[in-house]
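Q: Sharing a model prediction with you, sequence too.
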Amino acid sequence: MQEYNMGRVYFFILIFNLIFFGGQVFGQSDEQSYSEEFAYGINFNTNAGLIGGFNLRWSKAKGEKQFQCFGFEFVHIKNSKEIRNRDQNTGNSFLAYKTNYLFSLRPFYGREFCLFKKASEEGIHINMLFGGGPSIGLLKPYYVLLEEPPFSNPPSPVSVPYTEGLEKKGLISGSGYFTDGFDQIKATFGGHLKASLTFEFGQIKSSVVGLETGVVAEKFSREQKIMAYVPNQSFFTSAFITLYYGRKY
């Protein structure tokens, strides 16, 4: 639960900074025009702990203050009830009752609208973005290290996928190998919508340095089983922040 809340902490810290620096925006309107922008960034969201994923975005001007954008996101989605346990004998940790990793691939199309322009070498440029598109949910089994009786000395656990009730068959002593289970990935289709604000701080005319903050709603065609003993979900919402860098053309 502590890892899950880290995304919210970063979210509110950065929102405070935006409010503090927002006073520099007004009165800045001589920014050099551009027709295209390409940016890539790291995503932080309230469904994924500290680092949630990454994204790419390409924007093309459709007018003085309007842009169409195409992008791609790859994010990790966790259940809010996930708890990390630690084995006292080995020191290894594992996520209790976790059955699958859930990753989402999100190609999207959207429109950006310029709210404020910055000066050519200072201030903040603010855009509003609305977008959406299909989603591909990827469920990958979560593996744990299990030692079944009779127990050996030294222990000889094996990496197996966690299933409901596995803890009754032996001793779970840590997380298994992440590379295990890629041949068992299951895909689910869905869709997503997002609304956000982008804040650009670049000091060089052709550079893009900034952050995007907003909310995402996502729906899959069937429920996604991330944990045992808790209700499965097909609908997810999250707040996010993306720190990005790119170029203008």
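A: Here it is on my side, so go on.

Q: ok, which stretches of the protein are helices?
A: Along the chain, the segments classed as helices by DSSP state H run 2-21.

Q: Which residue ranges of it form strands?
A: Using DSSP state E, the strands of the chain run over 36-45, 53-61, 66-77, 84-86, 93-95, 100-116, 125-141, 143-147, 158-161, 171-175, 186-200, 207-224, 233-248.

Q: count of neighbours near Ala217?
A: 14 (other C-beta atoms under 10 Å). Where you see a C-beta, it was placed from the backbone N, CA and C, and this is true even at glycine.

Q: now Leu105
A: The number of residues packed near Leu105 is 15, by other C-beta under 10 Å.

Q: ok, back up a step: could you dump the strands of the chain into a markdown table with mean pLDDT added?
A: Shown next, in a markdown table, are these (pLDDT from 0 to 100):
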| stretch | mean pLDDT |
| --- | --- |
| strand 36-45 | 93 |
| strand 53-61 | 94 |
| strand 66-77 | 95 |
| strand 84-86 | 89 |
| strand 93-95 | 92 |
| strand 100-116 | 95 |
| strand 125-141 | 95 |
| strand 143-147 | 93 |
| strand 158-161 | 94 |
| strand 171-175 | 90 |
| strand 186-200 | 96 |
| strand 207-224 | 94 |
| strand 233-248 | 93 |
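
Q: Centroid-nearest residue for this protein?
A: Among the residues of the chain, the one closest to the centroid is Gly52, at 3.1 Å (C-alpha atoms, centre = their mean).

Q: these two touch, right, that residue and Gly41?
A: No - counting by C-beta atoms under 8 Å, Gly52 does not reach Gly41; the two are 11.0 Å apart.

Q: now the residue nearest to the centre of the chain: how far from Phe74?
A: Distance, Gly52 to Phe74, using C-beta to C-beta, to the nearest Å: 9 Å.

Q: tell me the phi and psi of Cys90?
A: Actually, residue 90 is Thr. It isn't Cys. Thr90 adopts backbone torsions of phi -100, psi -20, taken as degrees, to the nearest 10.

Q: If you drop the residues flanking it in sequence, what lies closest to it?
A: Sequence neighbours aside, Ser173 is the residue nearest to Thr90 in space, at 5.2 Å (criterion: C-beta to C-beta, 6 or more residues apart in numbering).

Q: who's in contact with Asn79?
A: 98, 226-227, 230, 233 (C-beta atoms under 8 Å, 6 or more residues apart in numbering).

Q: one more time with 10 Å
A: Listed by C-beta atoms under 10 Å, 6 or more residues apart in numbering, the contact set of Asn79 reads 4, 47, 95, 97-100, 102, 224-227, 230-233, 236.

Q: pretty sure Glu147 contacts Glu167?
A: No - contact criterion C-beta atoms under 10 Å: Glu147 and Glu167 do not qualify, at 11.8 Å.

Q: that older thread, wait, isn't the residue nearest to the centre of the chain in contact with Arg106?
A: No - the pair Gly52 / Arg106 is not scored as a contact, 11.7 Å apart, by C-beta under 10 Å.
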